[in-house]
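**Q** I need the structure of the sequence given here:
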Amino acid sequence: MAGNINTAGVGELFQLLRDGEPRTRAELSKSSGLARSTVAARVDELMRRGLIAPVADAASTGGRPPSQFALNPKAKVVIAADIGASHTTVAVTDLAGTILAERTGRLAVSLGPEPVLSWLAETANELIAETGLGHDHVAAVGVGVPGPVEHATGRPAKPPIMPGWDGFDVPGWVQQHLQVPVLVDNDVNVSALGERAAAWPTIDHMIFVKVATGIGAGIISDGRLLRGAQGIAGDFGHVRVARGADVPCHCGNTGCLEALASGPAIARSLSQRGVAAADGDDVVELVKAGNLEAIQAVRQAGRDLGEVLTASVSLLNPSVITIGGAMARVGEHLIAGVREVVYRHSMPLATEHLAIVQSVTAGEAAVRGASLLAVEHALSPEILPQSFNLTD
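**A** Purely as a prediction, here's the structure:
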């Protein structure tokens, strides 16, 4: 029993160093309330396992400068995967989220879980080999998928654009092939985590909106990801918009935001007006070329998005709304439509300090977030001792 208590103590001390900020043994002793001799023993154990490393010495007040220690991001790596509607990206990152190797393949999620996940596992193995690391260096896998996920099990739950995935045991299947813990969440949720970590680490209330083949939002509230009771918080692509009362949506309803403002929806609207556009990529190119009808269509999509976000602003009172996804490449035209409606129809107190901006991480948001999902699991107090065989 005493060994378990000591092991937990090592893990708990490590949590103080996870933020990467260097600390001395004296500072760790003060923060943890542990005796300096105990801290010294546990620092030695964390050093032995490679979880922390010495950094530049702290300023001395006389005598020998005290040694500082911080997280060693190279102690392990994680695999991060972003499964999209038409592509999948797999990356190997260190514990700080730095991408060491990455590859994207164009394959539709509609192919079904086994073809897509087979490619994911094969690519992960190739990338691990590219980095020169062994499989024993991999701590966990984080995966984002383009549909609702039951958080407790990691299984997709009736995802509209993922035929054959409903209830599929994604974590179990991937773990069989990669032999490490697997964490799965909705791609917009992991994008919100990635965007916040990269660009807004001090913001505790934000909404990340992805506008691509589908539309969804990842919500950060009080610094935590808000998933909801069944894991579908933020799935506002299927909220009804007044302008589209008779427009059918693939979910079976009519008037959904996604049926009006997603990339395919904008392309379809332009095609009906005689402007050649097969998909969202065509819309982006038309906007970049200065096509007036495309610009107007994107601006209207922004207004539709703003209509739904206005209610979200009143309910959640975010400090920041970031717009990402493939359609964010149209630049300010989409965001201008969002701002036009949100700032006009929300309460002044809610928008006084509200920033509505383009995603900083762009296409990397989901991979960064999936990496964070895996790192958070691997370094959690409950998992850390067994992941790194910590002993005292």
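**Q** After the lowest-mean-pLDDT helix or strand in the chain, heading C-terminal, what element do we hit next?
**A** Between all helices and strands in the chain, the lowest mean by mean pLDDT, DSSP states H and E belongs to helix 2-15, at a mean of 60. Per DSSP states H and E, helix 2-15 leads on to strand 23-24 as the next helix or strand towards the C-terminus.
**Q** can you map out the helices along the stretch 1-150 of the chain?
**A** 2-15, 25-32, 36-48, 113-131 (DSSP state H, counting those that start in this stretch).
**Q** How far off centre is the longest one?
**A** It stands for helix 113-131. Relative to the centre of its chain, helix 113-131 is centred 20 Å away, using CA atoms, centre = their mean, to the nearest Å.
**Q** just the second one next, same as before
**A** A distance of 32 Å separates the C-alpha centroid of helix 25-32 from that of its chain, computed with CA atoms, centre = their mean.
**Q** Show the average pLDDT along that helix.
**A** Averaging pLDDT along helix 25-32 gives 86.
**Q** what angle sits between that helix and helix 36-48?
**A** Helix 25-32 and helix 36-48 meet at an angle of 110 degrees, taking axes from the mean of the first three to the mean of the last three CA atoms, to 10 degrees as the criterion.
**Q** Can you give the contact residues for helix 25-32?
**A** Contact partners of helix 25-32, identified using CB atoms under 8 Å, 6 or more residues apart in numbering, comprise 12-13, 16-17, 23, 34-36, 39-40, 43, 66-67, 69. The way it works is simple: take the backbone N, C-alpha and C, and place the C-beta from them, glycine included.
**Q** And the furthest pair within these?
**A** Glu12 and Pro66 (21.6 Å; CB to CB).
**Q** Make a PyMOL selection of the buried ones in the contacts of helix 25-32.
**A** Buried subset of the contacts of helix 25-32, written as a PyMOL selection, criterion 16 or more other CB atoms under 10 Å:
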select buried, resi 13+17+23+34+39+43+69
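**Q** Tell me the one among the contacts of helix 25-32 nearest to Gly142.
**A** Using CB to CB, the contacts of helix 25-32 come closest to Gly142 at Leu17, 21.6 Å.
**Q** Contact partners for the closest one?
**A** 23, 28, 46, 52, 69-71.
**Q** go on, Gly105?
**A** By CB under 8 Å, 6+ apart, the neighbours of Gly105 are 87-89, 119, 123.
**Q** how about a cut-off of 10 Å?
**A** Residues near Gly105 by CB atoms under 10 Å, 6 or more residues apart in numbering: 87-90, 116, 119-120, 122-123.
**Q** Tell me the one of these nearest Asp281?
**A** Nearest member of those to Asp281, counting by CB to CB, is His87, at 11.6 Å.
**Q** Torsion angles phi and psi at the closest residue to that closest one other than its chain neighbours?
**A** Counting by CB to CB, 6 or more residues apart in numbering, His87 lies nearest to Arg106, which is 5.2 Å off, once chain neighbours are set aside. The phi/psi pair for Arg106 (degrees, to the nearest 10) reads phi -90, psi 100.
**Q** My read is that Arg106 contacts Asp281, right?
**A** No: with contacts counted by CB atoms under 10 Å, Arg106 stays clear of Asp281, the gap being 11.9 Å.
**Q** Neighbour count for the two, which is higher?
**A** Between Arg106 and Asp281, counting by other CB atoms under 10 Å, Asp281 is the more crowded of the two (15 against 8).
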